[in-house]
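Novice: Below is the structure, and that's it, no one-letter string:
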């Protein structure tokens, strides 16, 4: 990844589901927000466990999103 993380802009908004603690209930939340900037995650801690994970960023509800897949589906664009 180098010293400077890659940056991306969301081209679409997506909603997802998040849970409310131990209640078992879920609510709709904004998972990806059109126009919002996201940065590639620092993968050193993830890859130290023995495997190399594909480059990812973390969305608004804490889910990792595969950068390659998101670029291919045109949900994000890279900011250079």
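Specialist: Yep, it's here. Here the structure is a predicted model, which means the values were calculated and not measured. Numbering: from 1, shown residues only.
Novice: Using the centroid of this structure, identify the residue furthest from it.
Specialist: Each residue of the chain has a distance to the centre, and by C-alpha atoms, centre = their mean the biggest one is for residue 23: 25.5 Å.
Novice: buried stuff in stretch 41-59?
Specialist: 41, 43, 55, 56, 57, 59 (16 or more other C-beta atoms under 10 Å). For the C-beta atoms, the positions are set from N, CA and C on the backbone; glycine is no exception.
Novice: neighbouring contacts of it?
Specialist: Under the criterion C-beta atoms under 8 Å, 6 or more residues apart in numbering, residues 1, 5-6, 8, 16, 31-32, 38-40, 64-68, 70 lie in contact with stretch 41-59.
Novice: May I have the distance across that stretch, first residue to last?
Specialist: Using C-alpha to C-alpha, to the nearest Å, the end-to-end distance of stretch 41-59 comes out at 10 Å.
Novice: average model confidence for stretch 60-79?
Specialist: On average, the pLDDT along stretch 60-79 is 96.
Novice: buried sites along it?
Specialist: 60, 65, 67, 70, 75, 76.
Novice: Look up phi and psi at the last one.
Specialist: It refers to residue 76. phi -140, psi 160 (degrees, to the nearest 10).
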